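Participant: coords below, sequence missing:
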């Protein structure tokens, strides 16, 4: 079996050799005139690995779908477009990303690229994500410039010998994001050089490697618009397996001779791409794309992935489904923001709190709430990398005058305030507010407001979780002062 040499351009780290598993694909049939190659592509899974009501992890089903494909298509390749981290499971937060790292390895991808959210826990966990001896990990527009090159394992290019067809891969990573939830040109880490001229970088890679392979694939975490731009300006890419913007292309999209693929997010879909390769002409004869709905019962669960998920849940949240609070009435996002503000005052010991209703991810219906339910109400996106979520709480000191302005003049269609009714203008108050307005008060708060002694104070879901447990211990509903039936206060 041929070993694939991962050649780097001059700006990148020194080259190394990545070897595909012996016997991973059948040998070339010298009599064959065509060869069918099938890609199963997933992306933006965002730690959505918790088992569903059927007890099966959706990631175990995705791997099961690939295995089912592989059973009839020996030249099938399993790929991932990045963003395995953030949002999803509360276990992602409790493990600081390490549970997600281990579950990703259990998926046994052939090829994957890093996504911007895969740098959430910079540096140790993100660098570990780049080192995967069983998978070709790509980040063609990033290179490590630190003093320990062994920390960074991603390559700018790699190849698989798939039967008679030599398939080349490169992968592109989108830019980082700011605490304002906006794109940034800042590097993911000081030791990582990022190139954001995506078209130019793709053109370099195609120019260097196109002549050496029968099929050239870009595994992209740039988003659909950027993929279309590259496809239109850089001829020679046969297939772009996309991610990042969570678009859904049910049959793919063609731009020139390039087929673009996007399969949404959250482990709900997988793309199946079929390519008929003409061995005589060494070119693609035909290609097509269809999406698989990852619903219960649609594919068998892979035992390795299922076991990995169950092990992480047992390690971090053995009581994940245990009821911790009870909701009395239907609650919309603004009402939930008001409860989160009350939770901040109690859990953080502040005088007042301000919560952005648009940072809530869910609405509530009457019934029990478990830990995952609390977390899913205020999911975390760590931006910039290695920092608390952009919706996390910070505390600040403000004057009574400024707190009046915040209470009366902040956008009341969006923000919910909780605090004392009578404010003394000359007194100093402690305020909890989220990171986005805390770090850009001129953008979100009334003119003239001054925030002093800003400090991180944890994620919103953490404060809400403490508040929920205290309410239940006091035999109260989470959202009302109504007592819980058959309850004795602790």
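Facilitator: Thanks, I have the structure now. Predicted model only: the values in this text are computed from it and were never measured.

Participant: C-alpha from now on. contacts and neighbour counts both.
Facilitator: OK.

Participant: Can you get me the start-to-end distance on stretch 410-428?
Facilitator: 19 Å (C-alpha to C-alpha, to the nearest Å).

Participant: Outline the domain layout of the chain.
Facilitator: Using automatic domain parsing, the domain parsing of the chain gives 4-315, 325-473.

Participant: Those: lowest mean pLDDT?
Facilitator: The stretch with the lowest mean pLDDT among the domains of the chain is domain 4-315, at a mean of 94.

Participant: Please give me every residue in contact with the closest residue to residue 280 other than its chain neighbours.
Facilitator: Spatial nearest neighbour of residue 280, excluding adjacent residues (C-alpha to C-alpha, 6 or more residues apart in numbering): residue 33 at 6.2 Å. Going by C-alpha atoms under 8 Å, 6 or more residues apart in numbering, residue 33 touches 278, 279, 280.

Participant: circling back: of all the domains of the chain, which lies closest to residue 490?
Facilitator: domain 325-473 (5.4 Å; C-alpha to C-alpha).

Participant: Start and end of the closest one, how far apart?
Facilitator: 9 Å.

Participant: what's the answer for stretch 191-200, then?
Facilitator: For stretch 191-200, the end-to-end distance is 22 Å (C-alpha to C-alpha).

Participant: and what of stretch 53-61?
Facilitator: The straight-line separation of the ends of stretch 53-61 (C-alpha to C-alpha) is 14 Å.

Participant: How about stretch 187-205?
Facilitator: Start-to-end, stretch 187-205 (C-alpha to C-alpha) is 21 Å.

Participant: Quick check: buried residues in that stretch?
Facilitator: Of all the residues in stretch 187-205, those buried under the rule 16 or more other C-alpha atoms under 10 Å are 187-189, 191, 193-195, 198-199, 201-203, 205.

Participant: Likewise for stretch 279-287?
Facilitator: Counting neighbours by 16+ other C-alpha under 10 Å, stretch 279-287 gives 279, 282, 283, 284, 287 as buried.

Participant: Report the separation between the third one and residue 392.
Facilitator: Pointing back at residue 283 there. Distance from residue 283 to residue 392, by C-alpha to C-alpha: 51 Å.

Participant: if I pick residue 278, what's in contact with it?
Facilitator: So residue 278 contacts 33, 34, 35, 284, 285 (C-alpha under 8 Å, 6+ apart).

Participant: How about it: what's its closest non-neighbour residue?
Facilitator: residue 34 (4.7 Å).

Participant: Run through the helices of the protein in chain order.
Facilitator: Assigned by DSSP state H, the chain shows helices spanning 58-72, 90-94, 98-106, 124-130, 198-209, 224-233, 303-316, 333-348, 371-377, 400-409, 435-439, 441-444, 460-473.

Participant: Against which helices or strands is the fifth one packed?
Facilitator: The contact analysis (3 or more C-alpha pairs under 8 Å, 6 or more residues apart in numbering; DSSP states H and E) places helix 198-209 against strand 165-173, helix 224-233.

Participant: possible to save those as CSV with mean neighbour count and distance to residue 140?
Facilitator: Shown next, in CSV, are the helices and strands packed on helix 198-209 (neighbours: other C-alpha atoms under 10 Å; distance: least, C-alpha to C-alpha, whole Å):
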stretch, mean neighbour count, distance to residue 140
strand 165-173, 25, 5
helix 224-233, 18, 14
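
Participant: Residues touching stretch 343-355, excluding its own?
Facilitator: 337-338, 340-342, 395, 415-420, 429-434, 457, 460, 463-464, 466-467.

Participant: These, buried ones only, as a ChimeraX selection?
Facilitator: Here is the ChimeraX command that picks out the buried ones among these, judged by 16+ other C-alpha under 10 Å:
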select :337,338,340,341,342,395,415,416,417,418,419,429,430,431,432,433,434,457,460,463,464,466,467
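
Participant: Which among the domains of the chain is found nearest to residue 483?
Facilitator: domain 325-473 (9.2 Å).

Participant: Next one: residue 292 from residue 465, what distance?
Facilitator: Using C-alpha to C-alpha, residue 292 is found at 36 Å from residue 465.

Participant: Which of these two has more residues huddled nearby?
Facilitator: When neighbours are counted by other C-alpha atoms under 10 Å, residue 465 comes out ahead of the other of residue 292 and residue 465, with 22 against 17.

Participant: can you pull the contacts of that one?
Facilitator: 371, 374, 375.

Participant: ok, and the closest non-adjacent residue to the last one?
Facilitator: Which is residue 375. Distances taken as C-alpha to C-alpha, 6+ apart put residue 461 closest to residue 375, at 5.2 Å, once the chain neighbours are dropped.

Participant: so the one you found makes contact with residue 378?
Facilitator: Yes. With contacts counted by C-alpha atoms under 8 Å, residue 461 reaches residue 378, the gap being 5.5 Å.

Participant: And the closest residue to residue 423 other than its chain neighbours, how close does it get to residue 342?
Facilitator: Using C-alpha to C-alpha, 6+ apart and skipping residues adjacent in sequence, the residue nearest residue 423 is residue 400, 5.6 Å away. Distance of residue 400 to residue 342, computed by C-alpha to C-alpha: 19 Å.

Participant: Ok, residue 174 next?
Facilitator: 37 Å.

Participant: same question, residue 160
Facilitator: Counting by C-alpha to C-alpha - residue 160 and residue 342 are separated by 56 Å.

Participant: What are the contacting residues of stretch 445-454?
Facilitator: Here stretch 445-454 has contacts from 394-398, 402, 405-406, 409-410, 437-438, 441-442, using C-alpha under 8 Å, 6+ apart.

Participant: What is the nearest of these to residue 245?
Facilitator: Taking C-alpha to C-alpha as the measure, residue 245 lies nearest residue 437 of these, at 24.8 Å.

Participant: sorry, back to before: would you convert the helices and strands packed on helix 198-209 into CSV that also reports distance to residue 358?
Facilitator: Below are the helices and strands packed on helix 198-209 laid out as CSV (distance: least, C-alpha to C-alpha, whole Å):
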stretch, distance to residue 358
strand 165-173, 27
helix 224-233, 25
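
Participant: With residue 479 as the reference, name the closest of the domains of the chain.
Facilitator: Once the domains of the chain are compared by C-alpha to C-alpha, domain 325-473 is nearest, at 5.8 Å.

Participant: chain center to that closest one: distance?
Facilitator: Its chain's C-alpha centre and that of domain 325-473 lie 24 Å apart, by C-alpha atoms, centre = their mean, to the nearest Å.

Participant: List the contacts of residue 273.
Facilitator: 38, 39, 40, 41, 287, 288, 289, 290.

Participant: what does residue 93 give?
Facilitator: Taking C-alpha under 8 Å, 6+ apart, one finds residue 86 in contact with residue 93.

Participant: what does the one 10 residues further on give?
Facilitator: Under the criterion of C-alpha under 8 Å, 6+ apart, the contact partners of residue 103 comprise 305, 308, 309.
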